[in-house]
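# kindly return the folded structure for what I paste below:
(chains A and B, ligands or ions: 3)
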Amino acid sequence: MIRFAGDSGDGMQLTGDRFTSDTAALGNDLSTLPNFPAEIRAPQGTLPGVSSFQVHFADHDIATPGDAPDVLVAMNPAALKANLPDLPRGATVIVNSDEFTRRNLAKVGYAANPLEDDSLADAGYHVHALPLTSMTVEALAAFDGLTRKEKERAKNMLALGLLSWLYSRDTASTEAFLRAKFAQAPEILEANLTALRTGHAYGETTEDFAVRYQVAPAPMTPGTYRTITGNQALALGLVASAYRTGLPLVLGSYPITPASDVLHQLSTLKAHGVTTLQAEDEIAAIGMALGASFGGALGVTTTSGPGLALKSETIGLAVATELPLLVIDIQRGGPSTGLPTKTEQADLLQALHGRNGESPVAVVAAQSPTDCFDAALEAVRIATTYRTPVILLSDGYLGNGSEPWQIPAAAQLPDLTVRHTTEPNATDERGEPVFHPYLRDEQTLARPWAVPGTPGLEHRIGGIEKADITGNISYDPANHDRMVRLRQAKIGAIADSIPPLEVDDPSGEARVLVLGWGSTYGPIGAATRLVRATGAKVARAHLRHLNPFPADLGDVLRRYDRVVVPEMNLGQLALLLRGTYLVDVRSHTQVRGLPFTAGELAQVVHENLMEVQSQEVTV
Amino acid sequence: MTTHRGSAPVNPRNDSRGSAPVNPGNSTTELGLPTRRGTEGVPTLGDGSTQTKKDFTSDQEVRWCPGCGDYAVLAAVQGFLPDLGLRRENIVFVSGIGCSSRFPYYLDTYGMHSIHGRAPAIATGLATSREDLSVWVVTGDGDALSIGGNHLIHAMRRNVNLTILLFNNKIYGLTKGQYSPTSDVGAVTKSTPSGSVDHPFNPVSLALGSEATFVARTMDSDRAHLTEVLRAAAAHRGTSLVEIYQNCPIFNDGAFQLLKDRDEATGRVAHLRAHEPVRIGAEGSPEAKVVVRDPEGRLQVVPEQAVPQGHTVVVHDPADPDPTSAFGLSRLDDPSMQTVPMGIFRQVERPTYDDGVREQVQQATAGTTRDTASLDALLHGRDTWTVDGTRPGQVEQLLEGETTEGPTPAAGEALVEEGEEVYEDEGTP
Ligand SMILES: Cc1ncc(C[n+]2csc(CCOP(=O)(O)OP(=O)(O)O)c2C)c(N)n1
Ligand code: SF4
Ligand SMILES: [Mg+2]
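Ligands and ions are numbered 1, 2, ... in the order given. Have a look, this model is predicted:
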């Protein structure tokens, strides 16, 4: 596992991303974790300005970006200082010694230059202090058209070249990437290529590195793959849903980290019939999406927690009007502005309950970057079948993280064909055909979706309580009671279409179940593998559907002596499970803006196993 | 770096008098595109068939207070809609919340009674995704100018093809009589028992400042004028803002009485008619007044018989690309209602947002088909590799062309030359 860290201006995200691409192309399984400051440019050389990108790759199935890096590339003292606490003994540290000036050291509170004393070696690190900046400038000496500053910028490519050598990686795909990117700027292109190759050549000629790593390809199901981030997968999932429903996709969105990428991606996909509207605020964004839904389109809005808060009244309107609508919340640290670039899963209760009145909506969550694709299709299935808003929860870790994706065949994706209502659905007392906008489907309890432009089905909908069946305004107490229950029952009915919860319990004898939702999927998987490697038995399950829950969830919970629920919040799912099933689940929580580490979770599982065992003895 | 695409604005001037609109400070390319009507693209009735007011009247009982100005507007709209000759099912009324916002329930078209202030946003999504609909917004002074102010100004700025009927009764009716953003300073209401200290908006000035392309004012009780304005508003492609002075007999009775009383009105109302002098009172009558531009460029009201030297009578030109004159006219109106211009202040051509959005999608999809092959191509993107099933783990690298359309690699875009990173945004939190 490698972590690239530097100043936010050092191009670490790009370096990490290219290394990821080369790694994926080699067939290693991988998982990434970008970590960057909230400020576009935090003061140079300071701790808050440190940006990093971690790649975990291996010759086996990987569930997380990994806990502790084997190699740290630190472009300045701040990057070194910020990342040392995560570094295990024996790790390799490559630093750009050019940046270890007295001034830079002072900025982050280093009294002495750690490269000059034995502190790093004493801590068990293999340190390679290389003057990366001057090496780059030297390598680019012949480039007369570039300023010194411009030359210095290519140092990330030099570092990438060196790492590529260290891990026996070909630089071909990065070269191709640079060629496409700088087709218009031949000199910058050549400079970047030169820096890249210089780094690679340096590795080959120097004797500084005793070991060179060779990571064999991971065994993967045969098929065609690409590397994809969660936000990309989500955008593709939305377009695929539009294809499979036969509806035009209309996105209303207002930029917010970490959701903006989805808006960016979709705005490039007009050729697939996608319409994107950048609204004046989140309220307008969801309003536009709902307006499009009323018109018969697949209305979607994307945002993060603060935006979801603003959208709540319109979600309520969509609940009352019973129109399909997809609301996507790519969660970040809260409350308020919180930690815009860090991850968290603390919007679960907001999604379920953050509205006035009894206002049930379906809630689904994605569990890995590639799963964002499937989650989008499932959310659209529910929204269009049940004529309801659906909130899809992703988070910053999933949205920005990447992994290899086995590309599905379009024809194999679920058929979600939607047919709008075109005919009257009842007759009046004189036997004339009439249209009742709130006459429901018996099975799904969905109301008809008759769109403007359909002759004979003219009707009015709105947020005021509607009479059952006719949809006329109604203040009748009994009707309101009935409608509140009908809307709830409709969301409940979705459970009939959800498969039973998949429980991973290889021996069938586990007594402890780890239950998660959302992006804890990877860390929980890695942790259970660690625990099982010790011979212990543990079961795990992961929830795609948060509202309604799968019908058998209560039975599953009651099958185990102990249910552990790790969450990146203060126990929101645990609260729901306890309230719904009266099962005393154990909540394990962490809100550091970062995913769980496998080691930490394995420890938690282990402790619970011990407790359950000791109870057996005392009973 | 920003790049500009798309067509330059169409010549906004439609000047029948033929005076060349020379405006050197504002050079635009005249493409000579034919003007599109507001209802173009909306299906019309077949030959011979007609509709009547009854066709547009729903079976719902109208529930405004007796004497409410909203009744008159509803009657005028129901009476006028058949004239458009559009198929009823292709007309949609979207409203916010307020007494006036109950409007859609009483029309037998498609309708949505939405939430407070948000109708322009919802209507924008609907109008943009459905070219074949005639979309109307019904809103009140509180709905449009208070809670929904943001959506209103942005709809007008974008010039979405909508007709917005803004019922201005200078009060919150539905919530039983609090002052609104159009209430006068000093207004004594439920929430301002000592008189309001809150300075009001002039909705016409606000609309003009928001880049609206069609701005008009009319009166609930003047059926003929209301209908004439509605007809022009519906014909206009882009956002048409129609401010309707509406009496609320319960909470703000007589707010516009000075303009309804025939004698009073004659001396106060300046009827805006294209290419005519802006005049108050009958032409040639001894009391007639006109609006003039003084040597400093300010607008003033003076007796028609005594226009001072150096002052020029303002001839109304709603198609003037420069909104200065229209804005000046809108400022003549103050709470004393000494001079109140009524009619169409501004009516200019500008590409609409919805047409522009649709055009980009149409251009991008031209000649393409939406089938599994195109979806497969999209899902594959540009950087793929295949894993061969025969020997587990064996990998073959396929590097396809880097130019295929599709999502860009995560951090792939941008950078090196800017030395900046993609994930970083959200400037000052
Ligand atoms: C979010 C929200 N806030 C407040 C209200 C209460 N409310 C309903 S209508 C209204 C004011 C309506 O005034 P106006 O738009 O002038 O309409 P009128 O009733 O005068 O026609 C208010 C404050 C509401 N329905 N929703
Ligand atoms: S309160 Fe005023 S505006 Fe509302 S219905 Fe009654 S009269 Fe009309
Ligand atoms: Mg009002």
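
# quick one: the helix or strand containing residue B:142 near ligand 3?
Following DSSP states H and E, one finds residue B:142 within helix B:141-142. Yes. For helix B:141-142 and ligand 3, the contact criterion (CB under 5 Å from the ion) is met by residue B:141. C-beta here means a position set from N, CA and C on the backbone, and glycine is covered the same way.

# what's the neighbour count on the residue of the stretch 351-500 of chain A found nearest ligand 1?
The stretch 351-500 of chain A approaches ligand 1 most closely through residue A:463 (8.6 Å), counting by CB to the nearest ligand atom. Using other CB atoms under 10 Å in any protein chain shown, residue A:463 has 20 neighbouring residues.

# could you do residue B:60 as well?
Neighbour number of residue B:60 under other CB under 10 Å is 15.

# and the pLDDT at the residue lying closest to it once chain neighbours are set aside?
The shortest distance from residue B:60 to any non-neighbouring residue, by CB to CB, 6 or more residues apart in numbering or on different chains, is to residue B:105 (4.9 Å). Listed pLDDT for residue B:105 reads 97.

# so residue A:531 sits against residue A:608, correct?
No. Residue A:531 lies out of contact with residue A:608 (CB atoms under 8 Å); the separation is 9.9 Å.

# for the stretch 1-150 of chain B, which residues are neighbours of chain A?
Contact residues, the stretch 1-150 of chain B versus chain A (CB under 8 Å from any CB of the partner chain): B:43, B:58, B:60, B:87-92, B:94, B:97, B:104-105, B:108-115, B:118, B:121-130, B:132-133, B:150.

# can you tell me if stretch B:248-256 touches ligand 2.
Yes. Stretch B:248-256 reaches ligand 2 (CB under 6 Å from any ligand atom) through B:248-251.

# where does the stretch 301-429 of chain B get nearest to ligand 3, which residue?
The minimum distance from the stretch 301-429 of chain B to ligand 3, using CB to the ion, falls at residue B:335 (16.2 Å).

# that should have said chain B, apologies.
residue B:140 (3.9 Å).

# how near is the residue lying closest to that residue once chain neighbours are set aside to residue B:202?
Using CB to CB, 6+ apart and skipping the chain neighbours, the partner closest in space to residue B:140 is residue B:98 (3.7 Å). According to CB to CB, to the nearest Å, residue B:98 stands 20 Å off from residue B:202.

# ok, now residue A:595?
As for residue A:595, its distance to residue B:202 is 54 Å (criterion: CB to CB).

# more crowded one of these two?
Taking neighbours as other CB under 10 Å, residue A:595 and residue B:202 compare with residue A:595 leading, 25 against 18.

# what distance do you get for the residue lying closest to the more buried one once chain neighbours are set aside to residue A:332?
Ranked by CB to CB, 6+ apart and with sequence neighbours excluded, the top spatial neighbour of residue A:595 is residue A:397, at 5.1 Å. Per CB to CB, residue A:397 is found 10 Å from residue A:332.

# those two: which has the busier surroundings?
Under the criterion of other CB under 10 Å, the comparison of residue A:397 against residue A:332 puts residue A:397 first, with 32 against 29.
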